[in-house]
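Engineer: Provided below for reference: sequence and predicted model.
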Amino acid sequence: MTLRSYNSSASDHDVQESMRRAADFGMIPGVEWAISGANLGVVPLNEGLTHASLLAVPDAAVLKNFYNHPQHEEAAGLSRSITDRLLVMDIQA
């Protein structure tokens, strides 16, 4: 799970492209599903974080492979260049 806010230099196109790339992580081998989108703001507890991405993997080995996958590295590079704040968590359900 990633929670982020984008910096002031991020264009709407950049943000949408970043979110699209994160949603496409479901095509990486082993990733069961991936979603990405903007915070709705219904519950006012986001502390300035505006967007989230979630993905499901069956185990830590797949997560490690995902992290080093070229598709993730490319998307992360774009995202880092326009991200102001980032919180990443990997949880086991």
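Structural biologist: That came through, no problem.
Engineer: for the residue nearest the centre of the chain, grab phi and psi.
Structural biologist: Residue closest to the mean C-alpha point of the chain, counted by CA atoms, centre = their mean, is Ser53 at 3.8 Å. Torsion angles at Ser53 (phi, psi; degrees, to the nearest 10) stand at phi -130, psi 140.
Engineer: hmm, it is touching Asp24, no?
Structural biologist: No - Ser53 is beyond contact range of Asp24, at 10.6 Å (criterion: CB atoms under 8 Å). No exception for glycine: its C-beta is placed from N, CA and C like everyone else's.
Engineer: between the two, which contacts overlap?
Structural biologist: Contact criterion CB atoms under 8 Å, 6 or more residues apart in numbering; residues shared by Ser53 and Asp24: Ala34.
Engineer: can you report how many residues neighbour Thr83?
Structural biologist: 18 (other CB atoms under 10 Å).
Engineer: let's number from 5 now, not from 1
Structural biologist: In the new numbering, first residue 5, that becomes Thr87.
Engineer: secondary structure class for the residue lying closest to it once chain neighbours are set aside?
Structural biologist: Spatial nearest neighbour of Thr87, chain neighbours left out: Arg8 (5.1 Å); criterion: CB to CB, 6 or more residues apart in numbering. Assigned state for Arg8: strand (three-state reduction, DSSP: H, G, I helix; E, B strand; the rest coil).
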